[in-house]
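Participant: heads up, no residue letters with this:
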């Protein structure tokens, strides 16, 4: 389970991913009509942009055109004796040339990553034991920027700050705007485990292949009679009827 807490109660929480993100025109054969692609699009949770933000590039250097800094609606105190105060969190910031903290970035490395920007989700995130969070871009969605992929040990790493996502901006772009409510990234809970890949034996493959042919013979519909497509079958409707989809639900408020 993903556990989250908002930096401020009026901010946006995670939402279940959607099957379709692009409104298409007329025609058949759009990628979103493919059941496995729809399943991938709808697998996980989206973390949303809490504010509209614009990034401007001039002479090879990016800047935030309209940055935001907000305060939490809860107070933090370093000890029981001290008076608490709200936390402050910037919305978007770039790597700094010559930076030393939170880690060193060499000048030659900075030149390669200067188009990367960190955007706060304003969410404190945790998971149950042996569950991790896989941060990645929204599948099959083309934008002039992308979310960098990361696998975070949210079951044991007690981050004292809201999680941010690292976005890589298109180097050829001059101006990029991310609107409020737009998905910043996809997060997918995964198990910490050992995963195996093993080659089938000839006998195992024979059984596998025979089972596949039997399934096609039982469920496939012959749609093409021409010589070019002789023997081809349509399984689309049958596939989606037999497909067992995972569900992603946000509870509470």
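Facilitator: Thanks, I have it. The structure displayed is predicted, hence computed values, not measured ones. Numbering: from 1, shown residues only.
Participant: I'd assumed residue 163 was in contact with residue 125.
Facilitator: Yes. Using Cβ atoms under 8 Å, residue 125 is in contact with residue 163, at 5.0 Å. All C-beta atoms are positioned from the backbone trio N, CA, C, and that covers glycine.
Participant: hey, what's in contact with both of those two?
Facilitator: With contacts taken as Cβ atoms under 8 Å, 6 or more residues apart in numbering, residue 125 and residue 163 have residue 152 as neighbours in common.
Participant: okay, domains of the protein per the record?
Facilitator: Split into domains by automatic domain parsing, the chain comes to 2-191, 202-242.
Participant: in TSV, list those along with mean pLDDT and distance to residue 250.
Facilitator: Below are those laid out as TSV (pLDDT from 0 to 100; distance: least, Cβ to Cβ, whole Å):
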stretch	mean pLDDT	distance to residue 250
domain 2-191	95	6
domain 202-242	81	25
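Participant: looking at those, which is closest to residue 251?
Facilitator: Nearest to residue 251, of all the domains of the chain, is domain 2-191, at 10.4 Å by Cβ to Cβ.
Participant: that older thread, most tightly packed of the domains of the chain?
Facilitator: Ranked by mean neighbour count, the domains of the chain are led by domain 2-191 with a mean of 15 (mean count of other Cβ atoms under 10 Å).
Participant: so residue 240 sits in a helix?
Facilitator: Yes. Counting by DSSP: H, G, I helix; E, B strand; the rest coil, residue 240 falls inside a helix.
Participant: now the residue nearest to the spatial centre of the chain: which helix or strand?
Facilitator: The residue lying closest to the centre of the chain (Cα atoms, centre = their mean) is residue 186, at 1.6 Å. In this assignment (DSSP states H and E), residue 186 forms part of strand 183-191.
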